[in-house]
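Undergrad: A structural model of the following input is requested.
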Amino acid sequence: MLIFILLIVSYLLGAIPAGLWVGKIFFKKNLHDYGSGNTGTTNTFRILGIKAGIAVFMFDLLKGTLATLLPLFFHVHGISPLIFGLIAVLGHTFSIFDHFKGGKAVATSGGVVLGFSPLFLLYLLLVFLIVLFLFSMISLSSIAAAIAAIIGILIFPSINFILPNYDLLFSIIIFVLAIIIIVRHKSNIKRIKNHTESLVPFGFNLSKQIKK
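TA: All right, here's what the predicted structure looks like:
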């Protein structure tokens with residue numbers, strides 16, 4: 001019964017649409033009506049500004065971490081903490097508080113990894129920042145980090161780097177999270193191909209997206 005309750009809590013925690021609520025409460029703006037229409041970190045930064053973006057990013061990140069740590073806090077055994085983290089990501093992506101809409105799962109997935117393997121998250125963050133600096137696109141950086149995660153779970157255990165051994169469940173969860181992130185960026189991928197994707201105001205823009 002406790003496991004079931006904590007799974008529900010994980011979903012509800014992940015489902016909290018921080019960007020949507022911050023926009024409505026403090027800025028009188030519905031993020032669905034602006035920019036990409038997404039309620040995640042990137043659109044929050046773009047529409048509501050740096051302070052709101054940082055606040056939403058931290059909340060979305062830490063709700064993934066908190067969900068992953070819930071079974072440890074309540075001394076629950078017999079089920080991996082990663083399951084709770086995955087449920088939180090699904091809550092974030094399909095939020096009951098937002099007509100089952102949601103963000104693109106990047107920050108919350110990062111929070112799950114932070115709660116289970118901080119060094120692996122550091123590797124993904126490094127990939128994210130390098131791609132961001134070279135191509136000036138948060139979307140492409142997120143996709144690259146997702147792909148890097150899949151590569152990491154396949155290669156790192158064999159060379160005893162960051163991941164000391166193959167963990168089947170960790171590998172499956174990381175693969176699922178990566179696929180969710182990539183699929184949720186379908187529209188971004190189309191814009192990248194058309195050279196019309198939104199850019200951050202720094203970096204080399206190596207793919208030559210058209211600046212707006």
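Undergrad: domain-wise, how is the chain divided?
TA: Domain segmentation of the chain under automatic domain parsing yields 1-116, 117-212.
Undergrad: what's the span of the last one, first residue to last?
TA: With C-alpha to C-alpha, to the nearest Å as the measure, the ends of domain 117-212 fall 38 Å from one another.
Undergrad: pick the most buried one from the domains of the chain.
TA: domain 1-116 (a mean of 20; mean count of other C-beta atoms under 10 Å). All C-beta spots, glycine's among them, are computed from the backbone N, C-alpha and C.
Undergrad: just the residues contacting the worst-scoring helix or strand of the chain on mean pLDDT, thanks.
TA: Within the chain, no helix or strand scores below helix 41-48, which has a mean of 93 by mean pLDDT, DSSP states H and E. With C-beta atoms under 8 Å, 6 or more residues apart in numbering as the test, helix 41-48 has contacts from 19, 22-23, 26-27, 29, 31, 34-37, 52-53, 56-57, 60, 103-104, 106-107, 138-139, 198.
Undergrad: between helix 41-48 and the longest helix anywhere in the chain, find me the angle.
TA: As assigned by DSSP state H, the longest helix anywhere in the chain is helix 50-73. Between helix 50-73 and helix 41-48, the angle comes out at 150 degrees (axes from the mean of the first three to the mean of the last three C-alpha atoms, to 10 degrees).
Undergrad: tell me which helix or strand comes right after helix 50-73.
TA: helix 81-93 (DSSP states H and E).
Undergrad: model confidence over that following helix, on average?
TA: Across helix 81-93, pLDDT averages out at 97.
Undergrad: same check, this time on stretch 106-116
TA: 97.
Undergrad: mind saving the C-alpha coords of it as PDB?
TA: Provided in PDB are the C-alpha atoms of stretch 106-116 (Å, rounded to 0.1, in the frame of the first residue of the first chain):
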ATOM      1  CA  VAL A 106      14.500  17.500 -19.800                       C
ATOM      2  CA  ALA A 107      14.800  19.100 -16.400                       C
ATOM      3  CA  THR A 108      12.800  16.500 -14.600                       C
ATOM      4  CA  SER A 109      14.700  13.700 -16.200                       C
ATOM      5  CA  GLY A 110      17.900  15.400 -15.100                       C
ATOM      6  CA  GLY A 111      16.500  15.500 -11.600                       C
ATOM      7  CA  VAL A 112      15.900  11.700 -11.700                       C
ATOM      8  CA  VAL A 113      19.500  11.100 -12.800                       C
ATOM      9  CA  LEU A 114      20.700  13.500 -10.100                       C
ATOM     10  CA  GLY A 115      19.000  11.500  -7.500                       C
ATOM     11  CA  PHE A 116      20.500   8.200  -8.700                       C
END
